[in-house]
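Visitor: Quick check, what structure comes out for this input:
(one chain, ligands or ions: 1)
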Amino acid sequence: MELYSLTIHELQEKIRNGEVTSTEIVQSVFGRIDAVEEKVHAYITLMRESALEEAKMADERIRAGQIKALTGIPIALKDIYCTQGVRTTCGSRILENYVPPYDATVITKLREAGAVFTGKTNMDEFAMGSSTETSYYGVTRNPWDLERIPGGSSGGSAAAVAADECIASLGSDTGGSIRQPAALCGVVGMKPTYGRVSRFGLVAFASSLDQIGPFTKDVEDCAILLNTIVGYDPRESTSVPVEVPDYRDFLNRGIEGWTVGIPREYFVEGIDPEVRAAIEQAIKTVEGLGAKCREISLPHTEYSVAVYYIVAPAEASSNLARYDGVKYGFRVAESRDLLDMYKKTRSAGFGAEVKRRIMIGTYALSSGYYDAYFKKASQVRGLIKRDFDEALQGCDVILTPTTPTPAFKIGEKTDDPMQMYLSDIFTISTNLAGIPGISLPCGYTQGGLPIGVQFLAGHFEEGKLLQVASAYEKHAQIERRRPNL
Ligand SMILES: NC(=O)C[C@H](N)C(=O)O
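Guide: Residues are numbered from 1 along each chain as shown. Alright, predicted model coming up:
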């Protein structure tokens, strides 16, 4: 087994036993990057030199017996977190040359846990997209089929884990951006509860929905990575001071006697037959573990895409107002006056999807339309949250497909934003409600594309998600294939 193909916990054991050094692991991962990155294009920026430096320092600490949760483990970062001294583009031309002067809280936490950073991964521009095709830096390809998209917006982070170009990675999820690419790339991805992980230093897209979370090769690694990034942060006003358990304690506990809700609104027309069959099989597996599955209703599900595409663009139009050619990165060379410079810089600096969302958001917030759109959407958002609150009173977790279809072809949906938006139909309402969700592999299509199952739980119940996911992972016996790159 090559070192790059191992999990965090497998490598930790080898490090502790003195079998391998961090330098060897990092070299193995960069060897893999050299071999496959040209095909996959998971990264925008590679951090080879600093990674080797960090590995050397990790090895010194290992020799001194100071081993922390991620000491010496190569982790990739979505290019949406501020990394001190390392360019952070957010997939946009407008931040092409932006080098943050500080680290995001998650970066500080990973550093403190001993992680080594491999680089910054590709993403849809400002996290707006479901396929990583809106990146200014080119398309990331799905390691399982290079003609297909890896999902988005954290497509680079998902593809990097699937292609073994890192051991684990971080993404961000505003409407499915972790869970959807995790499902399409056959890896584990979790969106924690809103407020669980600090967003300080995360470039904002839709501040009331954005949340940071891990991509890993298995559920145990998800618990390990989650342990290191959660917690209250006084620098982030929506970060919640609730107790943080050790998430590893939830692994291998079983789910005997649990009630699992199956929302009838998630099994509608348009869901791919192979996805449906895999989810039906997942329901049987969960029942085989001693849980009772029962149908539930989340009656406002049908409004979630419409609500999201008012709330998220409205927040984005406000958040993205700061990119004016003065404060950050890119500015056009020639302009007549200040207004002309703003206009030209924003026209050239943003791509089509970002412009579409800024226009939708500005319209929805404008005087005379605010009540009809933003206010109405916020009210319906409340109903969507209430659906989950009520449903979760009668069950421990909810089980759904993560996506309606497996990975689609590159270019297939780029001209049809509505079709693109619908690929997040099963993930969006989670963000509107603020609850946590996890996606993990539950099978493959005949053509060999991965399929994901999603579990959802109440606020701050990430432990329950890991409990059900670890039980499922162990007993479903989904063959652990690797993409043929
Ligand atoms: N950012 C996300 O979570 C993904 C969603 N597809 C969006 O375009 O907004």
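Visitor: Give me the distance between the nearest residue to residue 100 once chain neighbours are set aside and residue 387.
Guide: Nearest residue to residue 100, sequence neighbours excluded (Cβ to Cβ, 6 or more residues apart in numbering): residue 82, at 3.7 Å. Glycine gets a C-beta too; all of them are placed from N, C-alpha and C. To residue 387, residue 82 is 35 Å away according to Cβ to Cβ, to the nearest Å.
Visitor: Same check on residue 16?
Guide: Counting by Cβ to Cβ, the gap from residue 16 to residue 387 is 46 Å.
Visitor: The two - which one has more neighbours?
Guide: residue 387 (22 against 12; other Cβ atoms under 10 Å).
Visitor: what about the more buried one, distance to residue 301?
Guide: For residue 387, the distance to residue 301 - Cβ to Cβ - is 7 Å.
Visitor: list residues touching both of the two?
Guide: By the contact definition Cβ atoms under 8 Å, 6 or more residues apart in numbering, residue 387 and residue 301 are jointly contacted by residue 429.
Visitor: Once you drop chain neighbours, what's closest to residue 172?
Guide: Nearest one to residue 172, counting by Cβ to Cβ, 6+ apart, is residue 212 at 5.1 Å.
Visitor: and that neighbour, what is it in contact with?
Guide: Here residue 212 is in contact with 81, 106, 170-173, 192, 197-199, 202, 229 (Cβ under 8 Å, 6+ apart).
Visitor: For the residue in the stretch 201-350 of the chain that the ligand sits nearest to, grab phi and psi.
Guide: At 5.5 Å from the ligand, residue 312 is the closest residue in the stretch 201-350 of the chain, using Cβ to the nearest ligand atom. Backbone torsions for residue 312, taken as degrees, to the nearest 10, come to phi -60, psi -50.
Visitor: Spell out which parts of the stretch 101-250 of the chain neighbour the ligand.
Guide: 127-130, 153, 173-177 (Cβ under 6 Å from any ligand atom).
Visitor: neighbour-wise, which of these leads?
Guide: Neighbour-wise, these (other Cβ under 10 Å) top out at residue 177, 37 neighbours.
Visitor: does that residue count as helix, strand or coil?
Guide: coil (DSSP: H, G, I helix; E, B strand; the rest coil).
Visitor: close enough to count as contact, it and residue 152?
Guide: Yes. Here residue 177 reaches residue 152: they are 6.4 Å apart, a contact under Cβ atoms under 8 Å.
Visitor: can you give me the strands for the protein?
Guide: 43-46, 74-78, 116-121, 168-172, 188-191, 212-216, 259-263, 292-296, 397-401, 437-444, 450-456 (DSSP state E).
Visitor: For the residue of the stretch 101-250 of the chain found nearest the ligand, give me its contacts.
Guide: Scanning the stretch 101-250 of the chain for proximity to the ligand using Cβ to the nearest ligand atom identifies residue 177 as nearest, at 3.0 Å. By Cβ under 8 Å, 6+ apart, the contact list for residue 177 reads 124, 127, 130, 152-154, 171.
Visitor: returning to what we had before: which residues are in contact with each of residue 177 and residue 152?
Guide: 124, 130.
Visitor: farthest residue from the center of the protein?
Guide: Using Cα atoms, centre = their mean, the residue of the chain lying farthest from its centre is residue 336. It sits 41.3 Å away.
Visitor: Could you check stretch 102-115 and say which residues are buried?
Guide: Judged by neighbour count (16 or more other Cβ atoms under 10 Å), stretch 102-115 contains these buried residues: 103-111, 113-115.
Visitor: can you give me how far it is from the chain middle?
Guide: 18 Å (Cα atoms, centre = their mean, to the nearest Å).
Visitor: got a list of contacts for that stretch?
Guide: 58, 61, 67-75, 77, 81-84, 117, 170, 197-202, 212, 228-229, 231, 233, 235-236.
Visitor: Pull out the buried members of these.
Guide: Going by neighbour count (16+ other Cβ under 10 Å), these have 58, 68-75, 77, 81-83, 117, 170, 197-202, 212, 228-229, 231, 233, 236 buried.
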